[in-house]
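Asks: model this:
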Amino acid sequence: MKTLKEITSSFKIDSADERACLIHNEAPKSFIELAQCMLAGHFLVTDGQEKVIVRPTVLEFYYHEEREDGIKDPIVYHKDTKSSKKPLILTGFLHNHVSGIDLAFEHENNGKVRASVLIREFIIESDKDRLEAMEPFNIKVNVNDGRSTAMYAALFSQFSVFDNGFNVKWEDGDTPASVEFVHPRKNVKVYGADGKPKDIDCPRKWKAVLKA
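Replies: All right, here's what the predicted structure looks like:
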């Protein structure tokens, strides 16, 4: 099984089959492989003595090609505008935004490609002794949390920055997770030619969930 670093570092959609999946609203193999890896692993947050595991349970993929004839995903936050050309976010960096936290793997492929995965839902696995420290941040422990913006507290509000501070890193699982792709991505609509969202859910099956 490849590591998440290996999968994201080599992520690139070139083949006709992969592009056909995107065009027809299906998840390409590239998305599936990444989801199987990421839903098998977890973030480890530690101060060097105590540790907290943050395990993704639902992922949403976002993929937007800047070139004129490229595949477009209008909901993507980090993309070029008429007045601003944005540099690439390096692979493995966390992109914090109004909807939560993305793991980014943007790259060049005949133009800039904005690719990332939003951690839509997750579970925090922690000892009950840490509940008091986490209580002010309304952090839920050992239950699935569907608040994507709660990932801020899950990763950054577990330990104090004083003394030795804390560390956040990714740890891969041992075997690929069993996943399925569904739609819609939460609050994602179809966009018209005028650039405005319609009252129609996006049909792209770019949301990965663990199979029951």
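
Asks: pull out the buried residues from the worst-scoring helix or strand of the chain on mean pLDDT.
Replies: Lowest by mean pLDDT, DSSP states H and E among the helices and strands of the chain is helix 131-134, with a mean of 77. Neighbour-count burial for helix 131-134, with 16 or more other CB atoms under 10 Å as criterion, is recorded at 133-134. Just so you know, the C-beta spots here come from the backbone N, C-alpha and C atoms, and that holds for glycine as well.

Asks: and the contacts of it?
Replies: With CB atoms under 8 Å, 6 or more residues apart in numbering as the test, helix 131-134 has contacts from 126, 141, 153, 157-159.

Asks: among those residues, which ones are buried?
Replies: Buried members of those, counted by 16+ other CB under 10 Å: 126, 141, 153, 157-159.

Asks: quick check: the farthest pair among those residues?
Replies: Val141 and Phe159 (14.7 Å; CB to CB).

Asks: end to end, how far does stretch 41-57 reach?
Replies: 10 Å (CA to CA, to the nearest Å).

Asks: mind checking how far that stretch is from the chain centre?
Replies: Its chain's average C-alpha position is 17 Å from that of stretch 41-57, according to CA atoms, centre = their mean, to the nearest Å.

Asks: please apply the same query to stretch 150-161.
Replies: 17 Å.

Asks: quick one: average confidence on that stretch?
Replies: For stretch 150-161, the mean pLDDT works out to 94.

Asks: kindly report the same for stretch 203-212.
Replies: Taken as a whole, stretch 203-212 carries a mean pLDDT of 95.

Asks: name the residues that touch it?
Replies: Identification of contacts with stretch 203-212 by CB under 8 Å, 6+ apart yields 25-27, 31-32, 35, 39, 57-63, 120, 177-186, 188, 190.

Asks: look up how far Asp17 lies from Ser144.
Replies: Quick fix: residue 144 reads Asn, not Ser. Look at Asn144 and Asp17: by CB to CB, to the nearest Å, they are 34 Å apart.

Asks: and the helix ranked longest in the chain, what other elements does it pack with?
Replies: Of all the segments assigned as helix in the chain under DSSP state H, the longest by residue count is helix 29-38. Judged by 3 or more CB pairs under 8 Å, 6 or more residues apart in numbering; DSSP states H and E, helix 29-38 is in contact with helix 4-9, helix 16-23, strand 51-65, strand 112-125, strand 179-182, strand 207-210.

Asks: isn't Asp73 up against His64?
Replies: Yes - using CB atoms under 8 Å, Asp73 is in contact with His64, at 4.0 Å.

Asks: which neighbours do those two share?
Replies: Shared contacts of Asp73 and His64, counting by CB under 8 Å, 6+ apart, come down to Arg114.

Asks: look at the residue located most distally from the centre of the chain and give its secondary structure.
Replies: Distance to the chain centre peaks in the chain at Asp163, reaching 30.6 Å (criterion: CA atoms, centre = their mean). Secondary structure, DSSP: H, G, I helix; E, B strand; the rest coil: Asp163 is coil.

Asks: tell me the contacts of it?
Replies: Asp47.

Asks: please tell me how far stretch 15-34 is from the chain's geometric centre.
Replies: With CA atoms, centre = their mean as the basis, stretch 15-34 stands 17 Å off its chain's centre.
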